[in-house]
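Chemist: kindly generate the corresponding structure for this input.
(one chain, ligands or ions: 2)
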Amino acid sequence: MKNLAPAIFPPKGIGDAKPGNKAVLDWVHEIATLTQPENIFWCDGSERENEFLIAESLRQNVLIELNQKKVPRSYLHRSNPNDVARVEQFTFVCTPTKQEAGPTNNWSDPTETYAKLRGLLAGAMRGRTMFVIPYMMGPEDSPLTKVGFEITDHSLLDVNPERRFICHFPQDNTIISVGSGYGGNVLLSKKCLALRIGSYLACKQGWMAEHMLILGVESPEGRKHYVAAAFPSACGKTNFAMLIPPAHFKGWKVTTVGDDIGWMRIRDGRLYAVNPENGYFGVVPGTSFKSNPNAMRSIAHDTIYTNVALTDDGDAWWEGKDGEPPAHAIDWRGNDWAPQSNEKAAHPNSRFTTPMRNNPALDPDVEKGEGVPISAIIFGGRRSDTVPLVYQAFDWDHGVYLGATMASETTAAATGAVGRVRRDPMAMLPFCGYNIGDYFQHWLDIGKRLTNPPLIFNVNWFRKGADGKFLWPGFGENMRVLKWIIDRSEGSGGALKSPIGWLPSPHDLDLAELDIDHNAVDELLGLDHEEWQKEIAAHKEFFDSLGGVVPEELQKQREQLAAGFEL
Ligand code: OXD
Ligand code: MN
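Modeler: Ligands and ions are numbered 1, 2, ... in the order given. Okay, here's the model as predicted:
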């Protein structure tokens, strides 16, 4: 196999932050004996180290320097074209029994899997540098915060997609990932620890690890609420978390706590959330000053772009960026590109990686160890039909049902077909690290312990009219929906009882100064009985497919929903 990233040799004072902890040293020694690296680089996260690693990456062509006047301290990385998304088919939960992993995870036996991975790792770092990266997920003083160590190499192998394994051993707090360099597969702190191992620990310890953004919303009078929202990958969590209210909402302010992961615990009968991450790993295509000005400001400097196009003047470019496309660029694969090309210039799952301190709308309490109190939880997916713009669950258990039956059209964030409706409970289908039936029960159990539970809502920004066009403008205008959610959380805000939950009527939403047709609003908020008959049948089919693990309470919720439509 070609070694595309030979060992690096740092000067004294860089790469030698060896910790004193004997357990860590023993473990690193064990892995080094197995993988046989040329040398070990002990990371400390310092600026000097960062500068050295960037210089080395530029020298080895792992990074390409962007135009430093246009995007200071920003770089482009091009992945191997077969390594550009999460690989759910190669992701395994290796609990002692298959039943613990449940019907939605690939399971493999821990003893056999350790043995197989050890075989793959034997000598795998020969000729290269092994990096030991300590990390902390969560604010320094949060009781939920976790400390981890990631051992990795800097390999740019000719990756073989058939030898790719993302394996979780929740009983050992261990993750082993082989054969991929894609963020969601290889930044083990993110999806693997913060969600898969996190959700397993959360169930055992009575807290929640969720695929949720967290935002703050403050009224002109200074009343502040925090809202958590679970949308599947590439469905606009980052955009919603960075929303800028339209001019009509003068004095309203939205701030970001997190854009992808929320860890929540019960305190004084309420849910409090922290964001375990320190930055954003967002989808680039479609990001513009129209869709997300705060993201554009965040990625204007100190950003690593992966798989976007490179313009002739050294800038990053992607489909959906403001302005005209460049007359010529180098596409994400490194080939010449022009607007008339058949190929996309940027990969649909091309990403930015940027620290959260770059976000001009960062919430001041983002580092608060106790977390922020959550007033509302929102579920949402990408649905062309059936699901109204917004509605509210009758109570917590009904809200759990909304989350459990959530569905979305698939996106480029994972390999496989795009645009197929799949059930994605709480947006956790790819990330729940244990039996989904136990996960649903955990949600129900949490509800019993909350004396002041958040209200639960469902949203759908993506409903289309008969002409195939989106009915709702989305982006900043989602503030109108958020405002209704806040009104409901404060006990005001009108709604009508419907079989699926509390639905706003058009005059309950503040639609002033919005150029939208009345019929479109009616369609957005309407329930089509035939579509819902199909939807309820799909809920049953989904529950049946899980083979008897769904809690009785959720089955009862489904029967009540079905009965509501028969009246
Ligand atoms: C992500 C994902 O990258 O959900 O956040 O795939
Ligand atoms: Mn995500």
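
Chemist: burial count for the closest residue to ligand 1 within the stretch 101-250 of the chain?
Modeler: Of all residues in the stretch 101-250 of the chain, residue 233 sits closest to ligand 1, at 3.1 Å by C-beta to the nearest ligand atom. From N, CA and C alone the C-beta is placed, and that goes for glycine too. Burial of residue 233 is recorded as 24 neighbouring residues (other C-beta atoms under 10 Å).

Chemist: make sure it is indeed in a strand.
Modeler: No: using DSSP: H, G, I helix; E, B strand; the rest coil, the secondary structure at residue 233 is coil, not a strand.

Chemist: apart from its chain neighbours, what residue comes closest to it?
Modeler: residue 413 (3.5 Å; C-beta to C-beta, 6 or more residues apart in numbering).

Chemist: mind listing what whichever residue of the stretch 401-550 of the chain sits closest to ligand 1 touches?
Modeler: Nearest residue of the stretch 401-550 of the chain to ligand 1 (C-beta to the nearest ligand atom) works out as residue 413 at 3.9 Å. Applying C-beta atoms under 8 Å, 6 or more residues apart in numbering, we find residue 413 in contact with 85-86, 184, 232-234, 283, 349.

Chemist: go on, residue 197?
Modeler: Applying C-beta under 8 Å, 6+ apart, the residues near residue 197 are 168, 170, 173, 175, 433.

Chemist: next: residue 109.
Modeler: residue 94.

Chemist: how close does it sit to residue 204?
Modeler: Distance from residue 109 to residue 204, counting by C-beta to C-beta, to the nearest Å: 21 Å.

Chemist: what's the answer for residue 418, then?
Modeler: 35 Å.

Chemist: neighbour count: these two, which is higher?
Modeler: In this view residue 418 and residue 204 are compared by other C-beta under 10 Å, and residue 418 has more residues nearby, 14 against 11.

Chemist: let me see the ranges of the helices in the stretch 51-200 of the chain.
Modeler: For the stretch 51-200 of the chain, the helices defined by DSSP state H, counting those that start in this stretch cover 98-101, 110-121, 183-186, 198-205.

Chemist: again but with the stretch 301-450 of the chain, I slipped
Modeler: 396-404, 436-449.

Chemist: do the helix or strand bottoming out on mean pLDDT in the chain and ligand 1 come into contact?
Modeler: Across the helices and strands of the chain, mean confidence by mean pLDDT, DSSP states H and E is lowest for helix 183-186: a mean of 88. Yes: residues of helix 183-186 are located near ligand 1 by C-beta under 6 Å from any ligand atom, namely residue 184.

Chemist: ok, what's across the strand from the closest residue to residue 503 other than its chain neighbours?
Modeler: Distances taken as C-beta to C-beta, 6+ apart place residue 391 nearest to residue 503, at 4.8 Å, with adjacent residues excluded. Beta-bridge partners recorded for residue 391 (DSSP bridges): residue 458.

Chemist: isn't residue 391 right next to residue 455, touching?
Modeler: No: at 11.3 Å, residue 391 does not count as touching residue 455 under the criterion of C-beta atoms under 8 Å.

Chemist: now for residue 54, how many residues are close by?
Modeler: 16.

Chemist: if you could redo that for residue 489, that was the one I meant.
Modeler: For residue 489, using other C-beta under 10 Å, the count is 19.

Chemist: repeat for residue 466
Modeler: 6.

Chemist: out of the helices of the stretch 301-450 of the chain, which gets nearest to residue 132?
Modeler: Distance to residue 132, taken as C-beta to C-beta, is lowest for helix 436-449 among those, at 32.7 Å.

Chemist: and the contacts of the closest one?
Modeler: Taking C-beta under 8 Å, 6+ apart as the rule, helix 436-449 contacts 102-104, 199, 202-203, 206, 208, 266, 269, 271, 396-397, 400, 403-404, 425-426, 428-429, 432, 453, 546, 548-551, 553-554.
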